[in-house]
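J.: What follows is a predicted protein model with its sequence.
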Amino acid sequence: MICAARVEQIALLCALLFGAAFLYSAVGHAGASGYLAAMGLLGLDPRVMKPTALVLNILVATMTFVRFWRAGYFRWRTVWPFLIGSIPFAFVGGGIQLPTHIYRLLVGFVLLFAAYRLVRYRDPPPGTIRTPPVIPAILCGVGLGLLSGLTGTGGGIFLSPVLLLSGWAETRDTAGVAAFFILCNSIAGLGGNLASVRELPAELPYYVASAGAGGLLGAYFGSTRFSVLTFRKLLAAVLVVAACKLIFF
């Protein structure tokens, strides 16, 4: 029988996963850094965090991509060069098991970067969008894929600012492209370390249901009418708190 304290922890984590999935899917992401933040705040074992985040990422990224794609916010030409570089290296990164203290530092800094990206986000000027050049996009994908596999994220939190700051995609197109990129890299990252599946917690069905519900709602609002400025600021604050906990405690 699960003790009352454990039930409360599971319920709180489910609520946090729902919120992270909702907020991230609204901007075309799958929420891995948010899931890692929630699990880090509640002190879960890093061996559990990485595969759990990837499984939830695959689910929410699928929902988010389908929603944005059906709404017309996806360009295959934008994403395929990044995928050529990222998928094999996400597979490689997924097979690398970092020491706990290094993993906590790396994920902590990933969360800080995610917070910075959310706060500093700006829409690109109209009429400045151009197609990403193939070779630079492939090389960029290599780095994104490796980081994705190492940290248990889909890499979208890094791809989105690259696309926006380089003028390679508009805001909603970025969301659709990022969702597909995250889906592919999450599958590759999990495939690179199938042994980690043994670390998945028994409570995973509850986590899947919570993240799935949040992702479904977030993708719906984000692809149609939703303004996420306030949510981005709130989410950034949560990420900073979680990052500090991982890095300093």
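T.: Perfect, I can see it now. Numbering: from 1, shown residues only.

J.: With only the CA atoms kept, save stretch 89-108 in CSV.
T.: What follows is stretch 89-108, C-alpha atoms only, in CSV (Å, rounded to 0.1, in the frame of the first residue of the first chain):
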residue,chain,number,x,y,z
PHE,A,89,23.4,12.3,-32.2
ALA,A,90,20.3,12.3,-30.0
PHE,A,91,20.6,8.5,-30.2
VAL,A,92,24.3,8.7,-29.2
GLY,A,93,23.5,11.1,-26.4
GLY,A,94,20.7,9.0,-25.1
GLY,A,95,23.2,6.1,-24.6
ILE,A,96,25.5,8.2,-22.4
GLN,A,97,24.8,8.0,-18.7
LEU,A,98,26.3,11.0,-16.9
PRO,A,99,27.3,10.9,-13.2
THR,A,100,24.5,12.3,-11.0
HIS,A,101,26.2,15.5,-10.0
ILE,A,102,27.1,16.3,-13.7
TYR,A,103,23.6,15.5,-14.8
ARG,A,104,22.1,17.8,-12.2
LEU,A,105,24.4,20.6,-13.2
LEU,A,106,23.7,20.1,-16.9
VAL,A,107,19.9,19.9,-16.5
GLY,A,108,20.0,22.9,-14.2
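
J.: and it, how far out from the chain's middle?
T.: The chain centroid and the centroid of stretch 89-108 are separated by 15 Å, computed with C-alpha atoms, centre = their mean, to the nearest Å.

J.: what mean pLDDT would you report for it?
T.: Mean pLDDT, stretch 89-108: 85.

J.: got the contact list for it?
T.: The list of residues contacting stretch 89-108 from outside it, by C-beta atoms under 8 Å, 6 or more residues apart in numbering, reads 36, 40, 46, 49-50, 54, 141-143, 145-152, 155, 184-186, 188-193, 196, 242-244, 246-247. C-beta coordinates here come from the backbone N, C-alpha and C atoms, glycine included.
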